[in-house]
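S.K.: the following block contains a protein sequence and its predicted model.
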Amino acid sequence: MAARFLQDRLDADTSDHKGPHLLCPCGHEARYAGRRPKTFESALGPLTLTRAYYHCPTCQHGFCPRDRELGLEGGSLSPAVLRMVGAVGSLVSFEEGSQLLHELAGVSVSPRQVERDAERLGVEIANDERTLTEPLSGQEVHGTAYLGLDGTGIPMRKEELQGRAGKQADGSSRTREVKLVAAWTANTRDDKGRPVRDPGSITYSAAIESAATKDTDSSLSAFAQRVEREAQRRDFEHAERQVVLGDGAVWIWNLTSELFPDAIQIVDKWHAKEHLWGVSKDIFGAQSPQARTWVAARYEELDEGRFDALLAAVAGCAEDSEEARKCVGYLTTNRAQMDYPAFEAQGLCTGSGVVEAGCKAAIGTRLKRAGMHWSVSGANAIIALRCCRLSGRFQDFWERRCLAA
Ligand SMILES: [Zn+2]
């Protein structure tokens, strides 16, 4: 009834007829071509609105001034429903999102349409994100500020993987890597005086994009630019201390040295231990008690800063284990970034999978679920939407969007 009432009120108002001619966005003159009906899904139920329609003979496009006034342009959802679609599309599969909208709000939007409109909104958010390069009020980091950089693979559609090398037996790939930057502070202390991540301080930005910069390139890689923007939004450069945590991948330290030469570089201890566990499994087998004993000794050496002993123990296995050989390289390259006793003495957070957990929260739980196969554009749109919401930026985006309409 409410929908019917609104529909009648809007249809009785014909002020959206602005005369026989109206300027088309292309710059030419569009002609009035009568009133046309279209059904929109609103929070009150379906609304069939009969709106003044203008057609442009030059660019062959048509438009309705009322759609623009009401924020209905470019789709068939009211702004409130589009916002709900954005919320569910960022959280659950499009199928589940469609069901939730029906159950919770009584609105009917097909899974296909949830997909289309959540992605459309995600593209808008991704474009908006590129323009936000000033510190965001209330999101500036203080004290010791952390950036975590990581990558995680998500399953892709076959056609998106043509000619890309991967880890499958035949050399093909099933995934593409999403690169993520997380920013947070850890000025809180636990009862033992160790730094703990401040609740609510973490924000994310991520995409499937390149982090490779050639020496001959004059501009930063797409991902380096993303990291720079996130740092600007958090006012990272004005923090008292800057720390970058990574998994030890070379591209991460290259990017860090280029963007933040003063930042302290730390290999997230969780990753360092994961590497050592990989070696132990390779030598003794995952189920063997020896694997646990061996790795416990290595963890202790790592924690206590007995790096030479650690390196010697791993190198001692290099003849029989490919993993150990690789690990020697990893430890040698990242030695300075694994000086844990020194970092801990300075009250720095050495990571306990904060970045890994962030990757899971921002990407894994939504994009790595069984049976999902993404296109690059679809994944990037949903990632942008998700990062925006998890970073507490959706409301601001929405307000800017309404002002622009
Ligand atoms: Zn035109």
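M.R.: Done, it's in.
S.K.: C-alpha only now, for contacts and for neighbours.
M.R.: Noted.
S.K.: domain-wise, how is this structure divided?
M.R.: Annotated domains of the chain cover 2-76, 80-131+393-404, 144-268+351-374, 271-335 [automatic domain parsing].
S.K.: mean confidence for the first one?
M.R.: In this model, domain 2-76 has an average pLDDT of 92.
S.K.: that's a strand at residue 146, yeah?
M.R.: Yes. Checked against DSSP: H, G, I helix; E, B strand; the rest coil, residue 146 lies within a strand.
S.K.: which residues does it contact?
M.R.: 183, 184, 185, 186, 242, 243, 244, 245 (Cα atoms under 8 Å, 6 or more residues apart in numbering).
S.K.: okay, and which of those map to strands?
M.R.: 183, 184, 185, 242, 243, 244, 245 (DSSP state E).
S.K.: in a markdown table, list these along with pLDDT, neighbour count and distance to the ion.
M.R.: Output for those, formatted as a markdown table (pLDDT from 0 to 100; neighbours: other Cα atoms under 10 Å; distance: Cα to the ion, whole Å):
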| residue | pLDDT | neighbour count | distance to the ion |
| --- | --- | --- | --- |
| 183 | 96 | 26 | 44 |
| 184 | 94 | 25 | 47 |
| 185 | 94 | 25 | 50 |
| 242 | 97 | 22 | 51 |
| 243 | 97 | 24 | 52 |
| 244 | 97 | 25 | 50 |
| 245 | 95 | 29 | 51 |
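S.K.: what parts of the chain come near the ion?
M.R.: 24, 26, 56, 59 (Cα under 5 Å from the ion).
S.K.: in the chain, which helix is the longest?
M.R.: Scanning the chain for the longest helix, with DSSP state H as the assignment, gives helix 111-131.
S.K.: could you give me the average pLDDT of that helix?
M.R.: 96.
S.K.: now do stretch 91-98
M.R.: Stretch 91-98 shows a mean pLDDT of 95.
S.K.: quick one: residues in contact with that stretch.
M.R.: 85, 88, 89, 108, 109, 110, 111, 112, 114, 115, 366, 386.
S.K.: list buried residues within those residues.
M.R.: Neighbour counting by 16 or more other Cα atoms under 10 Å classes 85, 88, 89, 108, 109, 110, 111, 114, 115, 366, 386 among the contacts of stretch 91-98 as buried.
S.K.: against residue 105, how distant is the last one?
M.R.: It stands for residue 386. 21 Å (Cα to Cα, to the nearest Å).
S.K.: and the third one, by the same measure?
M.R.: Counting by Cα to Cα, the separation of residue 89 from residue 105 is 15 Å.
S.K.: over to residue 188?
M.R.: 40 Å.
S.K.: try residue 302
M.R.: From residue 302 to residue 105 the distance is 53 Å (Cα to Cα).
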